[in-house]
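Peer 1: My questions concern the predicted model and sequence given below.
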Amino acid sequence: MKYIVLLGDGMSDEKIEELGGKTPLQAANTPNMDFMAKRGKLGLARTVPKGLPPGSDVANLSVFGYDPVSCYTGRSPLEAASMGVELGINDVAFRVNLVNLHPHAGKLYMQDYSAGHISSMDGRELIEELQKHLGDDEFHFYPGVGYRHLMVWRNGKDKITATPPHDITGKNIIDFLPAGEGADRLINLMNSSQLIFFNHPQYKRRLANGEVPANSIWLWGQGKSPRMATFADKFALNGAVISAVDLIKGIGIYAGLEIVNVPGATGYIDTNYRGKAEAALKVLEEKDYVYLHVEAPDEASHSGKLQDKIRAIEDFDALVVGPVLEGIRKFGDYRILCTPDHPTPVKLMTHTSDPVPFIIYSGEELADDNVTGYDEESAASGLFVEEGFRLMEMMKK
């Protein structure tokens, strides 16, 4: 038996007036997901347990089959694992976003949570500069990908409230600064970064090129190293993870899964969808399980770009789901789980905790005439899974 998860990050949404009261999933052309929805198990799953934040960390842990209530410690420790950064038992990892803040009337607003989707090369340049000026035995900065980077606070504090920057686009940052024990240390680092970036040659260069410059860091997503059983111990399966995102790779590393890097996988709307599908099918020739993650719909939602979100969903269906549906048949027995991790309503530009529509498909050919396709409304008339981490168990039954 072969198992594959096809995850379109943030695909589910709310009804939108300019789409005639449809959601992006309803408006998008998705013949392959519709095909599976009519022939498989269709329903809604709560991937974000009540009381936990609706982040991709919590939601993807659920889809992987891990109960976040028992193993979630924060986002950044998972990203640290993907970057090869080992954490001591008392070390606290933080996500470092390179952001653009906009001053107006004596206040600072979150203008862009990604500093214009800064390149990895430019991002590395700035993080290395931070390490040079602010790094010491206590704080260490590590370059990552694009606008996403890492800081480790050795023997640091983790009882801190910190807000994701993509949740406060266009808002005054004063109400969302880190709070709690040790928060003053973080705020000082953020303030110090602003002077360092302003005096760096990259700042003027990006302005001259019409690009959005990074003029601050934003620290969030903190946590200590989690304790998780391996996927082999938990499900008696070997497998791999395909993603452009450190967070997803980090979950895979803690789960003991192989990480497969696909050339051209960017995490954005220009990602190599087909390359991911081809890599997944190749992995299944030797392994039992693949977790294939596509970030593009979520990024489009965070940017408030409705048409980009619809395009990302359609490309996911045509270039990932379609080829996998065609290619997986050669293995005989198989099961496909197709789902978002969480909703990311494009009008809100952030995540919500609402249940997500899922399909579990295993090659059935008889269609259910009562199911119109794959979307939130159709799924609401199907199964309901209160504990989203049970989806993996359902796949194996």
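Peer 2: Structure received. Residues are numbered from 1 along each chain as shown.
Peer 1: Now do the contacts for the residue nearest to the spatial centre of the chain.
Peer 2: Nearest to the mean C-alpha position of the chain, by C-alpha atoms, centre = their mean, lies Ser56 at 4.6 Å. Contacts for Ser56 (C-beta atoms under 8 Å, 6 or more residues apart in numbering) come out as Asp9, Arg75, Val245, Leu247, Ile248, Asp298, Asp341, His342, His351. Just so you know, the C-beta spots here come from the backbone N, C-alpha and C atoms, and that holds for glycine as well.
Peer 1: Nearest to Leu257 among those residues?
Peer 2: Taking C-beta to C-beta as the measure, Leu257 sits nearest to Ile248 out of those, at 10.4 Å.
Peer 1: where in the stretch 201-350 of the chain is pLDDT low?
Peer 2: Of all residues in the stretch 201-350 of the chain, none has pLDDT under 70.
Peer 1: Which residue ranges of it form strands?
Peer 2: In the stretch 201-350 of the chain, the strands defined using DSSP state E, counting those that start in this stretch lie at 216-223, 239-242, 258-260, 289-294, 334-339.
Peer 1: next one: the last one to chain centre, how far?
Peer 2: Counting by C-alpha atoms, centre = their mean, to the nearest Å, strand 334-339 is centred 19 Å from the centre of its parent chain.
Peer 1: unless I'm mixing things up, Phe331 is touching Leu284, no?
Peer 2: Yes. Applying C-beta atoms under 8 Å, one finds Phe331 in contact with Leu284, separated by 6.2 Å.
Peer 1: between the two, who's got more neighbours?
Peer 2: Neighbour totals were compared for Phe331 and Leu284, and Leu284 leads with 22 against 13 (other C-beta atoms under 10 Å).
Peer 1: And the helices in the stretch 101-250 of the chain, which stretches?
Peer 2: Taking DSSP state H, counting those that start in this stretch, the helices of the stretch 101-250 of the chain run over residues 120-134, 183-198, 201-208, 231-235, 246-254.
Peer 1: which of the residues in the shortest one are buried?
Peer 2: The one in question is helix 231-235. Across helix 231-235, burial judged by 16 or more other C-beta atoms under 10 Å covers Phe231, Lys234, Phe235.
Peer 1: can you pull the contacts of the second one?
Peer 2: Contact partners of Lys234, counting by C-beta under 8 Å, 6+ apart, are Gly65, Tyr66, Ala255.
Peer 1: The same query, at a cut-off of 10 Å, please.
Peer 2: The contact partners of Lys234, taken as C-beta atoms under 10 Å, 6 or more residues apart in numbering, are Phe64, Gly65, Tyr66, Met228, Ala255, Gly256, Met392, Glu393.
Peer 1: Could you measure from it over to Asp67?
Peer 2: Lys234 is 11 Å from Asp67, where distance means C-beta to C-beta, to the nearest Å.
Peer 1: Among the helices of the stretch 101-250 of the chain, show me which one is buried the most.
Peer 2: helix 246-254 (a mean of 25; mean count of other C-beta atoms under 10 Å).
Peer 1: before we move on, back to that, quick one: which of the contacts of Lys234 has the most company?
Peer 2: Phe64 (26 neighbours).
Peer 1: what sits against it?
Peer 2: Phe64 touches 5, 7, 228, 231, 234-235, 241, 248, 251-252, 254-255, 257, 291, 341, 389, 391-392, counting by C-beta under 10 Å, 6+ apart.
Peer 1: Let's see that with 7 Å instead.
Peer 2: Ile251, Ala255, Tyr291, Met392 (C-beta atoms under 7 Å, 6 or more residues apart in numbering).
Peer 1: out of those residues, who's nearest Glu314?
Peer 2: Tyr291 (21.9 Å).
Peer 1: Surely that closest one touches Leu6?
Peer 2: No. Using C-beta atoms under 7 Å, Tyr291 is not in contact with Leu6; the gap is 9.1 Å.
Peer 1: So what touches stretch 188-198?
Peer 2: With contact meaning C-beta under 7 Å, 6+ apart, stretch 188-198 is reached by 126, 129-130, 133-134, 139, 203, 214-219.
Peer 1: Tell me the one among those nearest to Pro165.
Peer 2: Trp218 (4.4 Å).
Peer 1: Test of understanding: give the bridge partners of the closest one.
Peer 2: Asn97 (DSSP bridges).
Peer 1: how about the contacts of Lys234, which pair is most distant?
Peer 2: Gly256 and Glu393, at 18.3 Å, using C-beta to C-beta across the contacts of Lys234.
Peer 1: Tell me the one of the buried residues of helix 231-235 nearest Val99?
Peer 2: Using C-beta to C-beta, Phe231 comes nearest to Val99 of these, at 34.4 Å.
Peer 1: Tell me which residues touch the nearest residue to that closest one once chain neighbours are set aside, please.
Peer 2: Using C-beta to C-beta, 6 or more residues apart in numbering and skipping the chain neighbours, the partner closest in space to Phe231 is Ala255 (4.3 Å). Contact criterion C-beta under 7 Å, 6+ apart gives Phe64, Met228, Thr230, Phe231 as the residues in contact with Ala255.
Peer 1: what about 10 Å?
Peer 2: Ala255 touches 61, 64-66, 228-235, 239, 241, 291, counting by C-beta under 10 Å, 6+ apart.
Peer 1: One more: Pro54?
Peer 2: Applying C-beta under 10 Å, 6+ apart, the residues near Pro54 are Thr47, Val48, Asp167, Asp341, His342, Pro343, Thr344, Thr350, His351, Thr352, Ser353, Asp354.
Peer 1: Can you classify it by secondary structure?
Peer 2: Put simply, Pro54 is coil when judged by DSSP: H, G, I helix; E, B strand; the rest coil.
Peer 1: could you dump stretch 345-357 to PDB, C-alpha only?
Peer 2: Output of stretch 345-357 as PDB, limited to C-alpha atoms (Å, rounded to 0.1, in the frame of the first residue of the first chain):
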ATOM      1  CA  PRO A 345      -9.200  33.800   3.900                       C
ATOM      2  CA  VAL A 346      -7.800  36.100   1.300                       C
ATOM      3  CA  LYS A 347      -9.800  39.000   2.700                       C
ATOM      4  CA  LEU A 348      -8.400  38.500   6.200                       C
ATOM      5  CA  MET A 349      -4.900  37.800   5.000                       C
ATOM      6  CA  THR A 350      -4.300  35.500   7.900                       C
ATOM      7  CA  HIS A 351      -5.200  32.000   9.200                       C
ATOM      8  CA  THR A 352      -8.400  30.900  10.900                       C
ATOM      9  CA  SER A 353      -9.200  27.800  13.100                       C
ATOM     10  CA  ASP A 354     -12.100  26.700  11.000                       C
ATOM     11  CA  PRO A 355     -12.300  23.000   9.900                       C
ATOM     12  CA  VAL A 356     -10.800  22.200   6.500                       C
ATOM     13  CA  PRO A 357     -12.300  20.100   3.600                       C
END
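Peer 1: Nothing else from me, thank you.
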